[in-house]
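K.L.:
What would the 3D arrangement of this be:
(2 chains)
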Amino acid sequence: MKVKQLSLFLENKPGALSRPVKLLAKAKLNVLTLSIADTQQFGILRFILRDWEKARRLLEKEGFVVKVSDMVAIEVADEPGELADILVTLEKARVNLEYMYGFTLKQEGKGVLAFRFDDPDRAIAALQKKGISPVRSVDLFKRLES
Amino acid sequence: MSKHAKTSNGSFHPLSAPDFLPLPQLRDLQLQRLTAIVQRAYDRVALFRKRMDDRGLTPQDVRTLDDIINLPFAEKTDLRDTYPFGLFASPMKDIVRLHASSGTTGKPIVVAYTQEDVQVWTNVMLRAFAACGLHEGDVIQNAYGYGLFTGGLGAHYGAEALGATVIPISGGNTPRQLMVMKDFGVTAICCTPSYFLHLIDQAPEVGVNLKELPLRAGIFGAEPWTESMRRRIEADSGIKAYDIYGLSEIIGPGVAMECQCQAGPHVFEDYFYPEIINLKTGKPCAEGDEGELVLTTLGKQAMPMIRYRTRDITALASETCECGRTLRRIKRIGRRADDMFIIRGVNVYPSQIETALLKVEGALPHYQIVLTREKDLDVMEVQVEVTPGVFADTVGALEQLQSQLSRSIESTVGVRANVRLVQPRTIQRSEGKAKRVIDQRKM
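P.N.:
Prediction:
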């Protein structure tokens, strides 16, 4: 039910992003989605890819600090109120959403969002109770790479 | 008429008499005081006694001034190891003052004064002010920090004893400093040279023209500075800039002070006996050669320091000064024998920064200290490599880490630092000793 995400610490300076991106490209590792959180001095690059273990080893070998976190991918219908419903469910379960970002694909009127929760397992349980089933990594990669 | 004309009378303060002692008399006085202080330290300070005993020495082995070279050195670590009161030679009931300054670890070092010590300190500071032509009627703005730091109170007592009017404004609040300087008719100021450069830069902002004020002298110390800084200060403000030298372990400010010839600070040798030693061998340097300044307090009761290694690199000039003072002069101090640096008048050791980082992170990250000067004020940036142990995936957590590190540094060394988190392996590793401090301040 959970999808692995890699986070990298980057300094906020020219070229900081291109180095890891080039490394991944050279190793033919395809990034499915990414997001950057930034401050004036530093940023955090977060991304999801199928072969995260290989990417992690590669990046660490090159001196990056890599953190692996569990994300929850949820399919959301592209309609007003859909995201709000999900958030209400989580709020009631007292799960804290730390950040989220989207995948670029949309299929049959549905998009997929990646959520980072303080307690992913509780979030999954709460969602399932409501009949919302997070997308499994296998399915996710299949969909994205088809 | 130049505002310096009124100082050219060379007014002589009676308490400055020892500055002009004929050399044989000065040496006699030094020897007499040296034997007394060695006896006192031997009788009352366990560490000193043990070191003497280990070398098979007794105070009676000091028969001439030259015999001083056989005595053991004292170092800053001695103050740390015996923290807080281990080197005191007087019972607490006789101690009227404690000061503290930063040490090599998180703990400060503590120094003590008896009533007599405060009097000695007051007198040497009075002589320091008199040496640069100040006298009764001068209005002295004392912008050295008051508090545990010796600068503020040391200058205060000396200026008051001189009969000058003291403004105990302490450090900071630049607009108020400039307002007071103008409105109170200040004729002399005590502060760090870099702070005065800042005052020069800020003066036009508040409509003050330093050259039009009665201000004519600056007593600058507590950090290393250069001849070019002196030239800039004098050209931009129309005052004379004098170099004062001192350190808490010896007494505070007033160990040495420049006269109006501005040819290097005269050491008040009747109370502080100077030697220059070779850094590596610890042996005395040839006359005039550069080495580490070692000082012995000849009159300090509460905390005698015998052959204290200052870590300041300088040379002694013994040629007679035009002013007539027989006191030897030290060359301007530009560098240190250890990696200590001085920022805004505060002594900082990289090891203190390490202690502060360790406290927060639990393990020591790679770091580097970068010193710069912005608008003539020292800025310390500590670059810290992010390690897997502390890297959290949220901006909030990293910002929290940043501010924790910053607070830890400030509470350890007493100076604020900008902490910058940097990527791993971006701080240069060098062969052998790591370059911890990059000093980009233009002197």
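K.L.:
just the helices in chain A please.
P.N.:
A:18-26, A:52-61, A:82-92, A:120-129, A:137-145 (DSSP state H).
K.L.:
Which strands or helices does the longest one pack on?
P.N.:
Same thing as helix A:82-92. If you count contacts as 3 or more C-beta pairs under 8 Å, 6 or more residues apart in numbering or on different chains; DSSP states H and E, helix A:82-92 packs onto strand A:66-77, helix A:120-129. C-beta here means a position set from N, CA and C on the backbone, and glycine is covered the same way.
K.L.:
Tell me what angle the longest one forms with helix A:18-26.
P.N.:
Read that as strand A:66-77. Counting by axes from the mean of the first three to the mean of the last three C-alpha atoms, to 10 degrees, strand A:66-77 lies at 70 degrees to helix A:18-26.
K.L.:
Please list the residues of chain A that sit near chain B.
P.N.:
Within reach of chain B by C-beta under 8 Å from any C-beta of the partner chain, chain A has these residues: A:7, A:9-11, A:16, A:37-39, A:41-42, A:44, A:46, A:63-67, A:69, A:98-99, A:116.
K.L.:
are any of the residues you listed buried, and which?
P.N.:
A:7, A:9-11, A:16, A:37, A:41-42, A:44, A:46, A:64-67, A:69, A:99, A:116 (16 or more other C-beta atoms under 10 Å in any protein chain shown).
K.L.:
middle-most residue in chain A, spatially?
P.N.:
A:Ala114 (4.5 Å; C-alpha atoms, centre = their mean).
K.L.:
Kindly reformat the helices and strands packed on helix A:82-92 as a markdown table containing distance to B:Leu293.
P.N.:
As requested, the helices and strands packed on helix A:82-92 are arranged in a markdown table below (distance: least, C-beta to C-beta, whole Å):
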| stretch | distance to B:Leu293 |
| --- | --- |
| strand A:66-77 | 50 |
| helix A:120-129 | 63 |
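K.L.:
okay, these, which one's buried deepest?
P.N.:
Ranked by mean neighbour count, the helices and strands packed on helix A:82-92 are led by strand A:66-77 with a mean of 19 (mean count of other C-beta atoms under 10 Å in any protein chain shown).
K.L.:
Give me the helices and strands touching that one, please.
P.N.:
Counting contacts by 3+ C-beta pairs under 8 Å, 6+ apart, strand A:66-77 is packed against strand A:2-11, helix A:52-61, helix A:82-92, strand A:110-117, helix A:120-129.
K.L.:
and of the ones you listed, who's closest to B:Ile250?
P.N.:
Across the helices and strands packed on strand A:66-77, B:Ile250 has its closest neighbour in strand A:2-11 (43.9 Å, C-beta to C-beta).
K.L.:
Could you name the helices and strands sitting against that closest one?
P.N.:
Against strand A:2-11 (3+ C-beta pairs under 8 Å, 6+ apart) you get strand A:42-49, helix A:52-61, strand A:66-77, strand A:110-117, helix A:137-145, strand B:418-422.
K.L.:
let's see it at 6 Å
P.N.:
Using 3 or more C-beta pairs under 6 Å, 6 or more residues apart in numbering or on different chains; DSSP states H and E, the elements in contact with strand A:2-11 are strand A:42-49, helix A:52-61, strand A:66-77.
K.L.:
what's the angle from it to strand A:42-49?
P.N.:
When the same axes, to 10 degrees is applied, the directions of strand A:2-11 and strand A:42-49 differ by 150 degrees.
K.L.:
B:Ser170: what's it in contact with?
P.N.:
By C-beta atoms under 6 Å, 6 or more residues apart in numbering or on different chains, the contact list for B:Ser170 reads B:145-146, B:152.
K.L.:
rank the helices of chain A by pLDDT, which is bottom?
P.N.:
Sorting the helices of chain A by mean pLDDT places helix A:137-145 lowest, at a mean of 79.
K.L.:
Would you mark the buried spots in it?
P.N.:
Using 16+ other C-beta under 10 Å as the burial criterion, the residues of helix A:137-145 that qualify are A:137, A:140-141, A:143-144.
K.L.:
just stretch B:79-94 next, same as before
P.N.:
Going by neighbour count (16+ other C-beta under 10 Å), the buried part of stretch B:79-94 is B:79-80, B:82-84, B:87-90, B:94.
K.L.:
and residue 62, what does it touch?
P.N.:
Chain wasn't specified; assuming chain A. Contact analysis of A:Glu62 by C-beta under 6 Å, 6+ apart lists A:Leu23.
K.L.:
I was after chain B.
P.N.:
When contacts are counted by C-beta under 6 Å, 6+ apart, B:Val62 is found next to B:35, B:38.
K.L.:
What separation do you get for it and B:Phe73?
P.N.:
Here B:Val62 is placed at a distance of 15 Å from B:Phe73 (C-beta to C-beta, to the nearest Å).
K.L.:
what's the neighbour count on the closest residue in space to B:Ala74 that isn't next to it in sequence?
P.N.:
Excluding its sequence neighbours, the residue lying closest to B:Ala74 (C-beta to C-beta, 6 or more residues apart in numbering or on different chains) is B:Tyr308, at 4.6 Å. Neighbour count for B:Tyr308, taken as other C-beta atoms under 10 Å in any protein chain shown: 22.
K.L.:
Go ahead and confirm B:Tyr308 touches B:Lys76.
P.N.:
No. B:Tyr308 is beyond contact range of B:Lys76, at 8.3 Å (criterion: C-beta atoms under 6 Å).
K.L.:
re the thing from before, nearest to B:Tyr157, out of the helices and strands packed on helix A:82-92?
P.N.:
Closest to B:Tyr157 of these is strand A:66-77 (C-beta to C-beta; 56.9 Å).
K.L.:
Pull the residues that contact stretch A:113-133.
P.N.:
Applying C-beta under 6 Å, 6+ apart, the contact partners of stretch A:113-133 are A:1-2, A:70-74, A:76, A:89-90, A:93, A:95-102, A:134.
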